[in-house]
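Peer 1: the sequence isn't on hand, but the structure is:
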């Protein structure tokens, strides 16, 4: 038996997802983050909306930069937190080193760093800003957080 609460919850989740999708579509089509934050102020606070849109923009820029550098098959970019915090953009290795030539594997951190810096994106490894990305290759960390420069 389906309860009223369950039906209402499913409806809420569907409407929430539709609102988030609409916010992202409007932002991608040129609506300013401030305008979107103003429109959604009855649902979420302005700082939460602005942070969410900034995070999604950073993830998209990172994906585009890595794709343009021919690296999208080697690393993944993902976001956490959705509209509720904590929100992060994470970078992680998506390939097996045995599938790459040793020289290409060793050069991967520099290629990733170059693509990200060109897109005005920095990174933290274990809370330290901008160290070498070699920690990703050496399995010292599972992912690094991407931040705006």
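Peer 2: Now that the structure is in, tell me what you want to look at. None of these values were measured; they are calculated from a predicted model.

Peer 1: buried sites along the helix or strand of the chain with the lowest mean pLDDT?
Peer 2: Between all helices and strands in the chain, the lowest mean by mean pLDDT, DSSP states H and E belongs to helix 134-137, at a mean of 78. Neighbour-count burial for helix 134-137, counted by 16 or more other C-beta atoms under 10 Å, picks out 135-136. Heads up, the C-betas are built off the backbone N, CA and C, glycines and all.

Peer 1: show me what that helix is packed up against.
Peer 2: Helix 134-137 is packed against strand 88-93, helix 102-118, with contacts defined by 3 or more C-beta pairs under 8 Å, 6 or more residues apart in numbering; DSSP states H and E.

Peer 1: residue 12: which of those is closest?
Peer 2: Among the helices and strands packed on helix 134-137, strand 88-93 comes nearest to residue 12, with 24.9 Å by C-beta to C-beta.

Peer 1: what sits up against the closest one?
Peer 2: Outside strand 88-93, the residues within contact range by C-beta atoms under 8 Å, 6 or more residues apart in numbering are 55, 58-59, 62, 74-81, 112, 116, 123, 136-137, 142-147.

Peer 1: sheet partners, orientation included, of that strand?
Peer 2: Within its sheet, strand 88-93 is paired with strand 75-80 (antiparallel), strand 144-148 (antiparallel), according to DSSP bridges.

Peer 1: any chance of those in CSV, plus mean pLDDT and distance to residue 34?
Peer 2: Listed next are the strands paired with strand 88-93 as CSV, based on pLDDT from 0 to 100; distance: least, C-beta to C-beta, whole Å:
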stretch, mean pLDDT, distance to residue 34
strand 75-80, 92, 21
strand 144-148, 92, 17
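
Peer 1: circling back: now tell me which of the helices and strands packed on helix 134-137 the model trusts least on average.
Peer 2: When the helices and strands packed on helix 134-137 are ranked by mean pLDDT, helix 102-118 comes last with a mean of 88.

Peer 1: now the strands paired with strand 88-93 in JSON lines, with distance to residue 127?
Peer 2: Formatted as JSON lines, these follow (distance: least, C-beta to C-beta, whole Å):
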{"stretch": "strand 75-80", "distance to residue 127": "16"}
{"stretch": "strand 144-148", "distance to residue 127": "9"}
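
Peer 1: okay, the ones you listed in CSV with mean neighbour count next?
Peer 2: Below are the strands paired with strand 88-93 laid out as CSV (neighbours: other C-beta atoms under 10 Å):
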stretch, mean neighbour count
strand 75-80, 17
strand 144-148, 18
